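K.L.:
can you look at this prediction? I've put the sequence above it.
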Amino acid sequence: MNSKIPDRCGWVALAGEYEAHPQLQGNYRTDWAIIGAGFTGQAAARRLAQLVPEQRILLIEAKKFGQGASGRNSGFVVAHESPGHAKLKSHRDLHQYQALHTLDQAGTVALRKWVREFDIDCQWQDISSVHAAHDPDNFPILDNQVRVFEQLGIPTRLLRADELSQRLGTSFYGRGVCCEGGALVQPAALIKGLLDRLPDSVECYEYSPVRKISRRNGKIVLELLHAEVVADRVIICNNAFIPELGVHRNRMFPLALTASLTRPLHPGEERQLGQQVKPWGVLSPQPLGATLRLTADRRLLIRNTAEYRPSGIPIQIIGQKRHQHMLGLKKRFPWLPEDCIEHTWSGHICISRNAKPDFAAVSEGLYLAGCYNASGVARGTILGRLVVDHALGAASDLLDAVHSLTQPALLPPRLFFGIGARVVMRWKRFKGASEA
Ligand SMILES: Cc1cc2nc3c(=O)[nH]c(=O)nc-3n(C[C@H](O)[C@H](O)[C@H](O)COP(=O)(O)OP(=O)(O)OC[C@H]3O[C@@H](n4cnc5c(N)ncnc54)[C@H](O)[C@@H]3O)c2cc1C
């Protein structure tokens, strides 16, 4: 097994050159600073530029723009999160699920509109969302999904094994659920396209990690290695890294995921798949089951690992992760050759115990939106916009939907958390193994 495989995101590698932006150096005074330039931070910046065009807006990114999780995800614009993932035990839970669903729909609509308006070349493809299971033990989760969606008036239907096989080109799955409304994208191309079309009034800075947030004379001070930013208002949008800034540390934690992308399939492989098969995406009813895609450029993507590693996946074990991805692909497509994976990479998501996002005014002038439990493309887009509306004192049905959500549940004390998280993840991996 090759242990020297680089952690290189296939989407980013295929998205072409990114525009360069300066690093923050020296002292800055601003009306607004946004920390993190993923879907959430960009949506916040765009909204501020629209609503307060005369004010100074700094968008501050730790890495090169577009290379955080927003460019490294599996590219599902999730409009219908599986209720198997959200825990629905009461009417209240159902209402909360409905609120999240409304927000995800609004995020999907916003992204679709921008892709069309800005003519972003990101392989955007409207699809019906498919959740599918291999293991009969997981079929009840799918049956429950149909029941919940019917209760909420979301058109949905069960897919039989033969329909799934025809659609996906694999007989791995035994039952599925499909509903209209989601999309698939090349995420790095989408986030790059959105960045290129940010209004000019947004000042973009990359390679500029914020190290500390403090207060001075009523202003908020951001400390960086070579810079200091004094801001009237700050929006924290750095998702999995929010706790590193000392904010809401007891409400969320990072998980490290890995994914792989194959080279384009060869004509012989296309025939094995069934040449009529259109690009597709499949999500698992188990949180740690695999997500898979056949992309528009005829590559296969798989994401089937998740672990508690706050400081990331060490480069030495990226080869092991690729091996796990290959095993997952082989279960579905036994005819694939062992060396078909071209890129393997890792990225962080942000998790709360009760699968609720965090959306808050932390203190005067300091706001945050994040923690989307692996469904942040659409949700981050809408919450980034709404956190600005909230900061500016606006009112709307969508803001009511966010405010109706319970906060992320408190985590166990830090001392025990790391051990507990690893044990829980091992259990979830065991539960999800048949779908990995
Ligand atoms: C492998 C993988 C697969 C996924 N698949 C999907 C999927 O298919 N669909 C889906 O909806 N979601 C998916 N997700 C989750 C999704 O990518 C996130 O929910 C989404 O990117 C959240 O957007 P965001 O802007 O809030 O955060 P991020 O995209 O994480 O952006 C935060 C940014 O903040 C920057 N940052 C961090 N700390 C600092 C700091 N101190 N100072 C300045 N900047 C900082 C980071 O570099 C990053 O660019 C996946 C994630 C991974 C890793």
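P.N.:
That came in fine, so what should we check first?
K.L.:
hey, where'd the helices end up in the stretch 201-350 of the chain?
P.N.:
For the stretch 201-350 of the chain, the helices defined by DSSP state H, counting those that start in this stretch cover 267-273, 318-332.
K.L.:
and the pLDDT for residue 87?
P.N.:
Per-residue confidence (pLDDT) for residue 87: 59.
K.L.:
renumber starting at 5 from here on
P.N.:
Okay, residue one is now 5; in that scheme the one you just asked about reads as residue 91.
K.L.:
burial of residue 343, as a residue count?
P.N.:
10 (other C-beta atoms under 10 Å). Quick note: C-beta positions are derived from backbone N, CA and C, even for glycine.
K.L.:
relative to the ligand, how far out is it?
P.N.:
In this view, residue 343 and the ligand are 22 Å apart by C-beta to the nearest ligand atom, to the nearest Å.
K.L.:
if you count neighbours, what's buried in whichever strand or helix holds residue 118?
P.N.:
Using DSSP states H and E, residue 118 sits in helix 95-121. Within helix 95-121, the residues that count as buried by 16 or more other C-beta atoms under 10 Å are 97-98, 100-112, 114-116, 118-119.
K.L.:
again, but for stretch 47-60
P.N.:
Neighbour-count burial for stretch 47-60 flags 47-53, 56, 60 (criterion: 16+ other C-beta under 10 Å).
K.L.:
which residues of the stretch 255-404 of the chain lie near the ligand?
P.N.:
The stretch 255-404 of the chain comes close to the ligand at residues 261, 263, 307, 351-353, 374, 376, 378-381, 384, as judged by C-beta under 6 Å from any ligand atom.
K.L.:
what is the worst-scoring helix or strand of the chain on mean pLDDT packed up against?
P.N.:
Least confident helix or strand, the chain: helix 418-436 with a mean of 80, by mean pLDDT, DSSP states H and E. Here helix 418-436 touches strand 257-266, strand 304-311, going by 3 or more C-beta pairs under 8 Å, 6 or more residues apart in numbering; DSSP states H and E.
K.L.:
residues contacting the residue nearest to residue 313 when sequence neighbours are not counted?
P.N.:
Spatial nearest neighbour of residue 313, chain neighbours left out: residue 260 (4.4 Å); criterion: C-beta to C-beta, 6 or more residues apart in numbering. By C-beta atoms under 8 Å, 6 or more residues apart in numbering, the residues touching residue 260 are 310-314, 316-317, 350-352.
K.L.:
mind giving me the PyMOL command for buried ones among these?
P.N.:
A single PyMOL command selects the buried members of the contacts of residue 260 (16+ other C-beta under 10 Å):
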select buried, resi 310+311+312+313+317+350+351+352
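K.L.:
what's the closest of the contacts of residue 260 to residue 255?
P.N.:
Nearest to residue 255, judged by C-beta to C-beta, of the contacts of residue 260 is residue 314 at 14.9 Å.
K.L.:
ok, the nearest residue to that closest one once chain neighbours are set aside - contacts?
P.N.:
Among residues not flanking residue 314 along the chain, residue 258 sits closest, at 5.3 Å (C-beta to C-beta, 6+ apart). Residues near residue 258 by C-beta under 8 Å, 6+ apart: 244-245, 247, 312, 314, 352-355.
K.L.:
that older thread, ok now the least confident helix or strand of the chain, how far from the chain's centre?
P.N.:
Helix 418-436 sits 21 Å away from the centroid of its parent chain (C-alpha atoms, centre = their mean, to the nearest Å).
K.L.:
same deal with stretch 219-227?
P.N.:
30 Å.
K.L.:
low-confidence ranges in the stretch 55-204 of the chain?
P.N.:
Counting by pLDDT under 70, the ranges of the stretch 55-204 of the chain that qualify are 89-93.
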